[in-house]
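Student: from the sequence below, what's the structure:
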Amino acid sequence: MNETRSVRIEPGGDGFVARFTAMASPCEVLVDGADRTELRRLGELAAAEVWRIEQHWSRYLPGNIVDRINRAQGAAITVDAETARFLDYAQQLHELSEGLFDVTSGVLRRAWRFDGSDRVPTPSQIEALLPLVGWQKLHWQSPQLQMPAGMEIDFGGIGKEYAVDRACALLAAQTSHAVLVNCGGDLAASGPRAQGQDWRVGIDSGLGASSSLIRLRQGGVATSGDAHRFLLKDGQRYPHILNPRTGWPVPGGPRSVTVAGSSCTEAGVLSTLAMLQGEQAEHFLQQFSGDFQVIW
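Tutor: Numbers count the residues shown, from 1 in each chain. All right, here's what the predicted structure looks like:
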């Protein structure tokens with residue numbers, strides 16, 4: 001069996017944890033009070049759901065719906081019901097964020113390679129790509145999507161968080177035990193542990209700052225930051241989260257933002273939007289209920 005498509009049951013915490021790999025991230029499933037047999041069953045269900053979503057929407061995999069949309073060259077594409085709901089959500093986020101959250105901005109990766117080097121693109125390279133960015137340039141009338149040739153959609157900003165929420169909800173319907181699903185540090189919990197105990201979630205920004213704990217009873221946690229994806233030139237650091245209006249990172253922003261919200265998807269959106277607020281990141285998050293951590 002391909003290692004990337006296997007589920008391993010390993011010691012972890014005060015019991016066992018189911019581990020697998022998806023979306024280029026280590027993933028794990030914890031089921032409070034489950035025996036090893038039930039943990040394996042639930043871990044395999046969670047992994048199958050995350051792998052399904054990855055196969056369906058990853059921009060790296062040929063032949064899926066995202067690939068067909070991005071290769072349509074101006075033709076209208078009819079999408080499935082789940083993708084239609086996701087596109088509706090993307091449209092809502094674009095409107096609510098006044099254009100800061102835009103699933104068409106992935107095309108900017110043609111100029112940006114966040115590999116820790118000093119290869120910062122030129123202004124002319126960015127300017128050449130901006131005509132290919134902008135949700136308002138698409139024609140979306142469910143279930144048909146049509147966009148100008150050369151444009152692309154990329155669900156990378158919300159796909160992993162959605163997969164976490166879906167897997168967590170799937171397992172919650174299969175067991176009376178509390179469940180926590182974690183993919184690369186983005187996670188969701190179905191409810192409190194036995195005797196009403198919170199899940200204790202360690203937050204490590206990867207930036208050398210001391211780790212801290214978030215106590216989570218139910219909902220999701222997500223982190224956005226530039227610990228691993230950035231460029232550094234002439235003493236200036238360029239984080240990987242780009243403003244779709246300008247094609248450039250927002251100056252003066254935090255290095256890392258972690259948010260606990262009602263779902264992993266919500267937490268992921270808020271952490272990304274906070275990064276895009278630059279120096280106003282903390283002020284932005286204070287508008288919302290839930291815990292957050294901002295590291296500058």
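Student: show me the helices in the stretch 101-250 of the chain, by range?
Tutor: For the stretch 101-250 of the chain, the helices defined by DSSP state H, counting those that start in this stretch cover 123-129, 159-172.
Student: a markdown table for those, including mean neighbour count and distance to Trp135?
Tutor: The C-beta positions use only the backbone N, C-alpha and C, and glycine is treated the same way. Formatted as a markdown table, those follow (neighbours: other C-beta atoms under 10 Å; distance: least, C-beta to C-beta, whole Å):
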| stretch | mean neighbour count | distance to Trp135 |
| --- | --- | --- |
| helix 123-129 | 14 | 15 |
| helix 159-172 | 24 | 16 |
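Student: those: which one's closest to Tyr89?
Tutor: helix 159-172 (8.6 Å; C-beta to C-beta).
Student: now the closest one: average pLDDT?
Tutor: Averaged across helix 159-172, pLDDT comes to 97.
Student: one step back: for the helices of the stretch 101-250 of the chain, which one sits closest to Arg215?
Tutor: Using C-beta to C-beta, the helices of the stretch 101-250 of the chain put helix 159-172 closest to Arg215, at 17.5 Å.
Student: packing partners of that closest one?
Tutor: The elements that helix 159-172 packs onto, with contact taken as 3 or more C-beta pairs under 8 Å, 6 or more residues apart in numbering; DSSP states H and E, are strand 25-31, helix 36-57, strand 179-183, strand 186-189, strand 219-225, helix 264-275.
Student: dump the ones you listed into JSON lines; add mean neighbour count, distance to Val250 and mean pLDDT as well.
Tutor: Shown next, in JSON lines, are those (neighbours: other C-beta atoms under 10 Å; distance: least, C-beta to C-beta, whole Å; pLDDT from 0 to 100):
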{"stretch": "strand 25-31", "mean neighbour count": "22", "distance to Val250": "25", "mean pLDDT": "96"}
{"stretch": "helix 36-57", "mean neighbour count": "19", "distance to Val250": "26", "mean pLDDT": "97"}
{"stretch": "strand 179-183", "mean neighbour count": "26", "distance to Val250": "26", "mean pLDDT": "97"}
{"stretch": "strand 186-189", "mean neighbour count": "28", "distance to Val250": "21", "mean pLDDT": "97"}
{"stretch": "strand 219-225", "mean neighbour count": "26", "distance to Val250": "12", "mean pLDDT": "93"}
{"stretch": "helix 264-275", "mean neighbour count": "25", "distance to Val250": "7", "mean pLDDT": "95"}
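Student: and the ones you listed: which comes nearest Leu93?
Tutor: With C-beta to C-beta as the criterion, Leu93 lies closest to helix 264-275 of those, at 6.3 Å.
Student: tell me how far the closest one is from the chain's mean position?
Tutor: On the basis of C-alpha atoms, centre = their mean, to the nearest Å, helix 264-275 sits 8 Å off its chain's mean C-alpha point.
Student: which elements pack onto the very next helix or strand once past it?
Tutor: The helix or strand immediately downstream of helix 264-275 is helix 281-285, counting by DSSP states H and E. When contacts are defined as 3+ C-beta pairs under 8 Å, 6+ apart, helix 281-285 sits against strand 256-261, helix 264-275, strand 292-295.
Student: out of the ones you listed, the one nearest Gly43 is which?
Tutor: Closest to Gly43 of those, according to C-beta to C-beta: helix 264-275, at 17.6 Å.
Student: which residues touch that closest one?
Tutor: With contacts defined as C-beta atoms under 8 Å, 6 or more residues apart in numbering, helix 264-275 is touched by 93, 97, 100-101, 157-158, 160-162, 164-165, 168, 186-188, 219-225, 239, 241, 250, 253-254, 257-261, 281-282, 284-285, 288, 290, 292, 294.
Student: next one: the closest residue to Ile295 other than its chain neighbours from Phe114, what distance?
Tutor: The spatial neighbour of Ile295 that comes closest, neighbours along the chain excluded (C-beta to C-beta, 6 or more residues apart in numbering), is Ser256 at 4.3 Å. As judged by C-beta to C-beta, to the nearest Å, Ser256 and Phe114 stand 15 Å apart.
Student: which of those two has more neighbours?
Tutor: For Ser256 versus Phe114, neighbours defined as other C-beta atoms under 10 Å are more numerous around Ser256 (23 against 18).
Student: circling back to that earlier point, pretty sure the residue nearest to Ile295 is touching Phe292, no?
Tutor: No. Between Ser256 and Phe292 there is no contact under C-beta atoms under 8 Å: 10.8 Å.
Student: can you list the domains in the protein?
Tutor: Split into domains by automatic domain parsing, the chain comes to 1-59+156-185, 69-146, 198-296.
Student: JSON lines for those, including distance to Pro192?
Tutor: JSON lines is the format used below for the domains of the chain (distance: least, C-beta to C-beta, whole Å):
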{"stretch": "domain 1-59+156-185", "distance to Pro192": "6"}
{"stretch": "domain 69-146", "distance to Pro192": "28"}
{"stretch": "domain 198-296", "distance to Pro192": "5"}
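Student: alright, that wraps it up for me.
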